[in-house]
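>>> Have a look at this prediction, sequence included:
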Amino acid sequence: MSHLLSLPVKFFKARSDGVITSRLDSVDGIRNLITNDLLAIFVDSAFIFTSLIMMCLFSWKLTIVATISSMAMLLLYRSMLADYANKKSSHLIAEAKRSASILETLGSIEQIKSTNTSAAHLNHWVGLTKNAGSIEVDLIGTVEFAKFVRGLILSAEVFLVLYFSMKMVGSGVMTNGDMVGFIMLRLSFFGKLEQILEQFKSISTLKVHFQRLDDIMNEVPEPESQVRPDGFDIEFRDVSFSYENNNILEGVSLKVSAGSNIAISGKSGCGKTTILKLIQGIELPTSGEVLIGGVSTKDIGSNTLRQSISVCMQGDQCLFEGKFSDNISMFDPITSIERLHTVVFQSCLESYVDSLSNHFESFMAGGETLSGGQMQRIVLARALYRGTPVLLLDEATSHLDSATEAELMSRIKNSASIIISVAHREETLKLSDTLLTLEGKKVVQRG
Ligand SMILES: Nc1ncnc2c1ncn2[C@@H]1O[C@H](COP(=O)(O)OP(=O)(O)OP(=O)(O)O)[C@@H](O)[C@H]1O
Ligand SMILES: [Mg+2]
């Protein structure tokens, strides 16, 4: 979990929650296999070894028959395990897709209802369930076939042991008591052997679980470094950026110094959000440098960078199950109630908080009782609460009416030393001191 939390935002954006949680389930799978099956294999192996020695004491010839049968069973399982592991892997993947689909459906239930596509989503889920089911049937078939062959080997072994032991008793080489003793021992020997074979079967899936976790474990955590920026002025030095082959920015140079309140506009999809991601170090320039306090974002650790920057990213909508104050402080203990009052005022949330029965102590969950504008203001209050010198707003007030937006922008004007807001509406753009427009992959200053 600690490794997961240290991964970059890009990792989470590239995968659905369902896919990540299903991969995390493999941790439980590995823990169970190691704690239960590996330990049991050691104990059972010791028991089998002791039984073999004791069986030899009764009759080494009959012990050879039992040993050959057990070898045949081991060979059978060995040849079956690779096929079993492959099918188990496909089954885990199919089950993960099915669970991810349930999570995605629940997460977007409003949109599914409003687009009246419940039936289509149900069909999609049924398809995934059928696929998982048919792989499971195939998997069970492999296991049952191995059990059937194992039964045949055991029957042949029982027949041979009985046949030879009765002959040995008849010829006086063995007593009736020895025969009964041997049969009792071989019963427990094969009982334990069957348990071990089942445990081997489970252990063969260990590799599958590790492979599934590889996606998380092989991802490199966000870099940390001891380099501290000198201040927090922002500079783009001849920055170009592309997502794979999609060129977004070309040779952008700009400087934003303390005391700036800047707005960025531009057509949808031109790269405004990308500029904010470059400032936060979530993305690194393809060429050129983004400098914060004179240090390239390549060289500043992400935690250091975030100590200076707060953001309200486009579409940030998350409300946690907890008190209103927890949702502002992100569960950090509140050390200053005045600070809470200040950010509530700056975010124009005071009348909303007054309407809550327990004010700051009111319990919040899900966020379905909030309007779009209220949600945006809570997300903004969260960013303001951190009190960082740089504040980045990506259409953070797009749901507010113009009057509230203007009031809010005037209240937050001095809350950070540098404020950069991305917006589309003319009224919003006018609220900043400087307007930058992104055009043809370049930044142009308008006013
Ligand atoms: N992670 C990504 N991988 C690949 N392409 C991406 C990624 N994120 C964004 N893009 C593409 O980069 C371009 C710029 O995206 P960006 O989000 O910066 O646009 P924007 O100006 O903020 O748009 P909008 O006003 O609609 O929010 C778009 O064409 C988008 O499809
Ligand atoms: Mg955007």
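On my side now, so go ahead. Residues are numbered from 1 along each chain as shown. Ligands and ions are numbered 1, 2, ... in the order given.

>>> In CSV, list the C-alpha atoms belonging to stretch 381-388.
Output in CSV follows, covering the C-alpha atoms of stretch 381-388 (Å, rounded to 0.1, in the frame of the first residue of the first chain):
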residue,chain,number,x,y,z
ALA,A,381,-11.3,25.5,0.2
ARG,A,382,-9.2,22.4,0.5
ALA,A,383,-6.6,23.9,-1.7
LEU,A,384,-6.7,27.2,0.1
TYR,A,385,-6.4,25.5,3.5
ARG,A,386,-2.9,24.3,2.6
GLY,A,387,-1.8,27.9,2.4
THR,A,388,0.8,27.3,-0.3
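
>>> buried set for it?
381, 382, 383, 384, 385, 386, 388 (16 or more other CB atoms under 10 Å). Yep, even glycine has a C-beta here, placed from its N, CA and C like the rest.

>>> show me where pLDDT drops low in the stretch 301-447 of the chain?
366-368, 446-447 (pLDDT under 70).

>>> just to revisit the earlier point, go through the buried residues of stretch 381-388 and say which is closest to residue 403.
The closest of these to residue 403 turns out to be residue 381 (CB to CB; 18.8 Å).

>>> residues in the stretch 151-300 of the chain within reach of ligand 2, list them.
By CB under 5 Å from the ion, the residues of the stretch 151-300 of the chain that approach ligand 2 are residue 273.

>>> For ligand 2, what is the nearest residue in the stretch 151-300 of the chain?
residue 273 (3.2 Å; CB to the ion).

>>> Using PDB, write down the CA coordinates of the helix or strand encompassing that residue.
Residue 273 is part of helix 272-280, with elements assigned from DSSP states H and E. The C-alpha trace of helix 272-280 is given here as PDB (Å, rounded to 0.1, in the frame of the first residue of the first chain):
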ATOM      1  CA  LYS A 272      -4.100  24.300 -20.700                       C
ATOM      2  CA  THR A 273      -4.400  21.500 -18.200                       C
ATOM      3  CA  THR A 274      -1.100  20.100 -19.600                       C
ATOM      4  CA  ILE A 275       0.600  23.400 -18.600                       C
ATOM      5  CA  LEU A 276      -0.600  23.000 -15.000                       C
ATOM      6  CA  LYS A 277       0.600  19.400 -15.000                       C
ATOM      7  CA  LEU A 278       4.000  20.600 -16.200                       C
ATOM      8  CA  ILE A 279       4.200  23.100 -13.300                       C
ATOM      9  CA  GLN A 280       3.300  20.400 -10.800                       C
END
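
>>> Kindly calculate the angle that the helix or strand following that helix makes with helix 272-280.
Counting by DSSP H and E, the next helix or strand C-terminal to helix 272-280 is strand 287-292. Put simply, strand 287-292 runs at 70 degrees to helix 272-280, going by axes from the mean of the first three to the mean of the last three CA atoms, to 10 degrees.

>>> Which secondary structure elements does strand 287-292 sit against?
Where contact means 3 or more CB pairs under 8 Å, 6 or more residues apart in numbering; DSSP states H and E, strand 287-292 is packed against strand 234-243, strand 246-256, helix 272-280.

>>> The residue lying closest to residue 7 once chain neighbours are set aside: what secondary structure?
Closest residue to residue 7 apart from its sequence neighbours, by CB to CB, 6 or more residues apart in numbering: residue 219 at 5.1 Å. Secondary structure for residue 219, judged by DSSP: H, G, I helix; E, B strand; the rest coil, is coil.

>>> And for residue 219, the neighbour number?
15 (other CB atoms under 10 Å).

>>> Repeat that for the one 3 residues further on.
Close neighbours of residue 222, defined as other CB under 10 Å, add up to 18.

>>> same thing with residue 23?
21.

>>> do residue 436 as well
24.

>>> cool, and residue 306?
Residue 306: 16 neighbours (other CB under 10 Å).

>>> my guess is it contacts residue 280, does it?
Yes. Residue 306 lies in contact with residue 280 (CB atoms under 8 Å); the separation is 7.3 Å.

>>> Next, show the common contact partners of those two.
Here residue 306 and residue 280 have no joint contacts, going by CB atoms under 8 Å, 6 or more residues apart in numbering.

>>> circling back to that earlier point, could you report the distance from the residue of the stretch 151-300 of the chain closest to ligand 2 to residue 234?
16 Å (CB to CB, to the nearest Å).

>>> Does the residue of the stretch 151-300 of the chain closest to ligand 2 touch residue 394 like I think?
Yes. The pair residue 273 / residue 394 is scored as a contact, 5.6 Å apart, by CB under 8 Å.

>>> Show me whatever sits in contact with both of the two.
313, 314, 422.

>>> Neighbour-wise, which one of the residues you listed leads?
When neighbours are counted by other CB under 10 Å, residue 422 leads the shared contacts of residue 273 and residue 394 with 26 neighbours.
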